[in-house]
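Engineer: How does the following fold in three dimensions:
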Amino acid sequence: MTVHSIHKWPKTDATGSLLRALGSIRLAVPLLAAIAAILIGATFYEAEVGSAVVQQEIYKSPWFGGLMFLLALNLGTSTLLRYPWKGARKIGFAITHWGLVVIIAGSAAVIHLSVEGMMLARTDAGPVSTLRVEGDLIEVAMPTGVSTEISEGMTEQASLFIKADGSVVPSKVGGLSLLGYSDNTVNTVHFEPGSRVENSAVRLVLKSDRMGQSLERWLAVAPAAYGTMDIGPAELQIVKAEDQQALAEALAAPAEKTASAKWGTAKWGTVDISWQGITRTIDVESSLNQAANQPFEINAEEKTLTIQTTGFWPDFRLDGNRQPTSATNLLRNPAVQLRVSSEGSTESWFVFGKPGFEPIRNLIEGDAIALNLSYNIAPDAGPDAFFRIVVDAKNNLHYAAKSSKGFKSGQMATGESITPGWADFEVTLAEYIPNARVEREIVPLPKGAPEQGSPALLVSTGEHSQPTWVGWGEPTTVESEQGDWYVAFSPKLLQLPFSLKLNEFIVERNEGSESVAMWTSDVSLIDPQVEETSHRRVWMNHPTWFKGWKIAQAAWNPGDLNQSTLQVKREPWWVTGLTWLGSTMVTIGVATMFYGRAVAKKFKKVSDFLDVPETEEEAESGPSIPLLNALLGR
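Structural biologist: Predicted structure coming up:
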C-alpha cells in the first residue's frame with residue numbers, strides 16, 4: 001500500500017500558527033463548554049421570561065452568532081488541517097465535521113429566516129388570512145416641522161422587542177423616545193371642561209365607613225357607555241331630561257317588578273324562524289339547557305333547515321377583543337346567537353330583544369339562506385337599586401335613589417351628600433361639568449396586582465415633555481409643543497398568501513369517561529390566486545403542509561369548541577435541505593469512521609482509498625491544498 005509523502009507545517013510561520021490555533025482542540029473544548037452552558041442556562045431562563053425574550057436576547061444576538069461562527073470556523077479549519085483525507089478515519093472525520101458546519105449554517109438560517117406565528121380560527125366566522133407573529137409593532141407619525149430622518153407627513157414603522165426588565169429595543173423611533181413597557185395597565189377616564197357642545201358630567205364619591213371603602217366614579221351623558229355604571233350593590237345613572245314630563249318620569253318611583261322579571265328566574269324569550277313559508281318558535285332557555293344542545297330542524301320541500309342556539313347574553317356588549325360578553329346580569333340588552341345551516345350554506349345570527357335593533361348576520365359558507373328571525377323578550381325595566389342624577393333643561397341637578405328601604409328623590413347641589421339606603425353608603429356630588437369633554441389616561445397597575453389589564457408602551461416626545469402611555473391596539477394622539485404625534489402600538493401581523501377556514505373542531509373522548517383522547521381541526525385551505533380549495537385535518541403531532549407552509553394544532557379552548565388555535569410556520573426549502581444534509585453527513589461520517597475499514601476490505605475498488613494506515617506523522621502533517629500552501633509560503 002502506498003504511503004504518501006507529507007509536508008510539515010512551518011512552526012515559525014505566523015499564518016500557520018494562526019490556522020493551527022483556529023483548528024485546535026484547545027479552542028474547540030472551551031467553545032463547546034461555553035455553548036453548552038449557555039444553552040442549559042437559556043432553557044431555565046426561557047421558563048421564566050418566555051421564548052420571545054430568549055430568542056432575541058440569546059439565540060438571535062450577535063454574540064451568540066459569533067460563538068457559533070467561531071465553532072464552525074474551528075470545525076472547518078480542523079478538517080482542512082487533516083487534508084489529504086485518506087483512510088476511513090480521516091474521511092469519516094472530514095464528513096462528520098463538514099456535516100456539523102452545515103447543521104450550524106442551517107440552524108442560523110432557521111433562527112433568522114423562518115416565519116412562525118399563531119392563528120385563531122372559529123367555525124362561526126369567515127376564513128382567516130392574517131398570522132399573529134412574534135413581536136410587536138409601532139407606527140409613528142410626527143407633526144410638521146420636527147426634524148427626523150424621515151420626510152414630513154410620512155409614517156415610520158419599526159418592530160419592537162420588549163426585554164424582561166420592561167425596557168424596549170429600539171429606544172427611539174421617528175423622533176419618539178420609548179421609555180418603558182407594562183403588561184398590566186388599565187384605561188381610566190375623567191372629564192374636563194371645554195366641550196363645544198352641551199354634555200353634562202358629574203364626579204361622584206361613594207363612601208362606606210362600615211366597609212372601609214371610598215370610591216370615585218365619573219358619569220356623563222355622552223359617551224353613552226358612561227351613562228350607567230354597575231358598582232355591585234346598585235347602579236349609578238345620569239340622564240338628561242329635555243322637558244318637564246321627562247323630568248317627572250325620571251324622578252318618579254319605578255313600578256315594582258315581579259320575581260319572574262329577574263335574571264336567573266326569567267324566561268329568556270323565544271326566537272321565531274320563518275323559512276319556506278313555515279314559522280317555528282324556539283324557546284331560548286330550553287334549547288341551551290337541553291342535553292348536548294341538540295339542533296332544531298325544520299323540513300320543507302325535501303330540504304332541511306338546522307338551527308342551533310349557541311349563546312345568550314342578558315346585557316350584550318363587545319369586550320376589548322370584540323368578543324360577545326354581558327355587562328351585567330340584568331336583562332338590559334338581551335341577545336341570542338344562533339347557527340343556521342341548510343343545503344351546504346351556514347350562517348351565524350345575532351338577534352336582539354330591544355326594539356329597533358336589527359339582527360347581525362354573518363355568512364360563514366355557501367350562499368345566503370332566505371329566512372327571517374325575530375327575538376321576543378321583555379327587557380328589564382331597571383335595576384333593583386340605583387342612584388340617578390337627572391339634569392333638567394336649565395342644567396339644574398336632581399337625584400333619584402332606590403334601595404330595599406324604599407325610594408327617594410329631590411334636588412342636588414355640588415358638595416351635597418345623599419344616603420341612598422345601601423348599607424351605610426353615602427353618595428357625594430363632588431364635581432359637576434355642564435360642557436364636559438372626555439379625557440382618557442392609561443395607568444400601569446402596581447406590581448403584585450391581579451393581571452386584569454392590557455399591555456401599554458411609555459413614550460415621550462422630548463426631554464421636557466410629560467411621558468404618555470400608549471395602549472396596545474389603541475391608536476393614540478400624543479400632544480407636544482411641536483404639535484400632535486400619532487402613535488399606534490399593535491401586534492405584528494403577517495398577511496398569508498392563502499386563507500384558512502375552520503369547518504369543525506372535533507373533540508374525541510375516551511370511551512366511558514369525559515377525559516379527552518384527541519382534538520382535531522377540520523379546515524379548508526383556500527388559494528385565492530388559482531381558486532383552489534383543499535380540505536385537511538390537523539391534530540396533535542400530525543401537521544399538514546400547504547404552499548410551503550406548515551400548519552399544526554397548537555391549542556384549544558375547552559369552554560368554546562367553536563375555536564381552535566393553529567401554529568403556522570414557513571421555512572425556505574433550502575433551509576430544511578441544509579438541516580437534513582448536515583444530519584445525513586454526520587451519520588455517514590460517524591459510520592465511515594467506525595465501519596469504513598471493515599467495509600473497504602470487502603470491496604476491492606475502494607480498499608486502496610479507505611484502508612490507508614494512519615501514522616503519527618500523518619496526524620501532525622499539514623495540508624497540500626494550493627491555497628493554504630500559498631498562505632503558508634510553501
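
Engineer: going forward, measure contacts and count neighbours with C-alpha atoms only.
Structural biologist: Fine.

Engineer: Dump stretch 222-233 to CSV, restricted to CA.
Structural biologist: The C-alpha coordinates for stretch 222-233 follow below in CSV (Å, rounded to 0.1, in the frame of the first residue of the first chain):
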residue,chain,number,x,y,z
ALA,A,222,-72.0,61.2,26.4
PRO,A,223,-70.4,58.8,25.5
ALA,A,224,-73.3,56.5,26.2
ALA,A,225,-71.1,53.9,27.9
TYR,A,226,-70.6,56.4,30.8
GLY,A,227,-74.3,57.0,31.3
THR,A,228,-74.6,54.0,33.6
MET,A,229,-72.2,52.1,35.9
ASP,A,230,-72.6,48.9,37.9
ILE,A,231,-70.9,49.2,41.3
GLY,A,232,-72.1,45.9,42.8
PRO,A,233,-74.9,46.7,45.3
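
Engineer: Give the buried residues for that stretch.
Structural biologist: Neighbour-count burial for stretch 222-233 flags Ala222, Tyr226, Gly227, Thr228, Met229 (criterion: 16 or more other C-alpha atoms under 10 Å).

Engineer: tell me the average confidence for that stretch?
Structural biologist: Taken as a whole, stretch 222-233 has an average pLDDT of 83.

Engineer: can you give me the helices in the stretch 1-150 of the chain?
Structural biologist: 14-22, 25-49, 51-54, 62-80, 88-113 (DSSP state H, counting those that start in this stretch).

Engineer: need the helices for this protein, in chain order.
Structural biologist: Taking DSSP state H, the helices of the chain run over residues 14-22, 25-49, 51-54, 62-80, 88-113, 244-251, 284-289, 573-602, 604-610, 616-619, 626-631.

Engineer: what separates the second one from the chain centre, distance-wise?
Structural biologist: Averaged C-alpha coordinates place helix 25-49 at 30 Å from its chain's average position (C-alpha atoms, centre = their mean, to the nearest Å).

Engineer: Also the first one?
Structural biologist: A distance of 51 Å separates the C-alpha centroid of helix 14-22 from that of its chain, computed with C-alpha atoms, centre = their mean.

Engineer: Skipping adjacent residues, who's closest to Ser274 in space?
Structural biologist: Nearest non-adjacent residue to Ser274, counting by C-alpha to C-alpha, 6 or more residues apart in numbering: Asn372, 5.2 Å away.

Engineer: so what's that neighbour up against?
Structural biologist: With contact set as C-alpha atoms under 8 Å, 6 or more residues apart in numbering, Asn372 has these partners: Asp272, Ile273, Ser274, Trp275.

Engineer: Would you mind giving me the PyMOL syntax to select the buried ones in these?
Structural biologist: Applying 16+ other C-alpha under 10 Å to the contacts of Asn372, the buried members can be selected in PyMOL as follows:
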select buried, resi 273+274+275
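
Engineer: And for the closest residue to Phe64 other than its chain neighbours, the neighbour number?
Structural biologist: Spatially, and ignoring its direct neighbours in sequence, Phe64 is nearest to Ile58 (6.3 Å; C-alpha to C-alpha, 6+ apart). Neighbour count for Ile58, taken as other C-alpha atoms under 10 Å: 15.

Engineer: if we can go back for a sec, so of the buried residues of stretch 222-233, which ones are in strands?
Structural biologist: Of the positions in those, Thr228, Met229 sit in strands, assigned by DSSP state E.

Engineer: Redo the buried residues of stretch 222-233 as a markdown table? Include distance to Ala436.
Structural biologist: Shown next, in a markdown table, are the buried residues of stretch 222-233 (distance: C-alpha to C-alpha, whole Å):
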| residue | distance to Ala436 |
| --- | --- |
| Ala222 | 9 |
| Tyr226 | 12 |
| Gly227 | 13 |
| Thr228 | 16 |
| Met229 | 18 |
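
Engineer: which among the buried residues of stretch 222-233 gets closest to Ala125?
Structural biologist: Tyr226 (30.5 Å; C-alpha to C-alpha).

Engineer: thought that closest one was touching Glu235?
Structural biologist: No: the criterion here is C-alpha atoms under 8 Å, and Tyr226 misses it with Glu235 at 11.7 Å.

Engineer: And Gln482, what's its pLDDT?
Structural biologist: pLDDT at Gln482 comes out at 78.

Engineer: So if we follow the domain assignment, how does this structure break up?
Structural biologist: For the chain, the structural domains run 14-113+574-631, 118-131+496-571, 146-189+440-493, 198-257+382-434, 267-376, going by automatic domain parsing.

Engineer: With respect to Ile138, which of those lies nearest?
Structural biologist: Nearest of these to Ile138, taken as C-alpha to C-alpha: domain 146-189+440-493 at 4.7 Å.

Engineer: which residues does the residue nearest to the spatial centre of the chain bridge with?
Structural biologist: Nearest residue to the geometric centre of the chain (C-alpha atoms, centre = their mean): Arg132, 6.3 Å. Beta-bridge pairing for Arg132 (DSSP bridges): Met118, Leu493.

Engineer: now do Arg361
Structural biologist: Beta-bridge partners recorded for Arg361 (DSSP bridges): Trp349.

Engineer: Could you do Asn199 as well?
Structural biologist: Asn435.

Engineer: Burial check on it, number of neighbours?
Structural biologist: Burial measure for Asn199: 19 neighbouring residues, criterion other C-alpha under 10 Å.

Engineer: residues touching it, list them.
Structural biologist: Applying C-alpha under 8 Å, 6+ apart, the residues near Asn199 are Ala220, Val221, Ala222, Ile433, Pro434, Asn435, Ala436, Arg437.

Engineer: can you pull the contacts of the residue nearest to the centre of the chain?
Structural biologist: Shown in contact with Arg132 (C-alpha under 8 Å, 6+ apart): Gly117, Met118, Met119, Pro491, Lys492, Leu493, Leu494.

Engineer: Against Glu116, how distant is it?
Structural biologist: Applying C-alpha to C-alpha, to the nearest Å, the value for Arg132 to Glu116 is 9 Å.

Engineer: likewise Ser51?
Structural biologist: For Ser51, the distance to Glu116 equals 12 Å [C-alpha to C-alpha].

Engineer: Just the pLDDT for Ile6.
Structural biologist: For Ile6, the predicted pLDDT is 41.

Engineer: Tell me who's in contact with Val110.
Structural biologist: Glu571, Val575.

Engineer: hmm, back to that, among the helices of the stretch 1-150 of the chain, which comes closest to Val205?
Structural biologist: Ranking these by proximity to Val205 (C-alpha to C-alpha) places helix 25-49 first, at 40.6 Å.

Engineer: which parts of the closest one are buried?
Structural biologist: Across helix 25-49, burial judged by 16+ other C-alpha under 10 Å covers Ala28, Leu31, Ala42.

Engineer: out of the residues you listed, which one sits closest to Pro558?
Structural biologist: Closest to Pro558, out of all of the buried residues of helix 25-49 and judged by C-alpha to C-alpha, is Ala42, at 31.9 Å.

Engineer: What is the neighbour count of Asn376?
Structural biologist: 19.

Engineer: Specify the beta-bridge partners of it.
Structural biologist: Thr270.

Engineer: re the thing from before, pLDDT at the residue nearest to the centre of the chain, what is it?
Structural biologist: Listed pLDDT for Arg132 reads 86.

Engineer: measure it to Arg322 for me?
Structural biologist: Taking C-alpha to C-alpha, one finds Arg132 at 17 Å from Arg322.

Engineer: now do Val49
Structural biologist: Separation of Val49 from Arg322 (C-alpha to C-alpha): 28 Å.

Engineer: which residues of this structure score low on pLDDT?
Structural biologist: Along the chain, the model assigns pLDDT under 70 to residues 1-12, 145-154, 255-266, 290-293, 320-321, 379-382, 449, 451-452, 512-514, 603-634.
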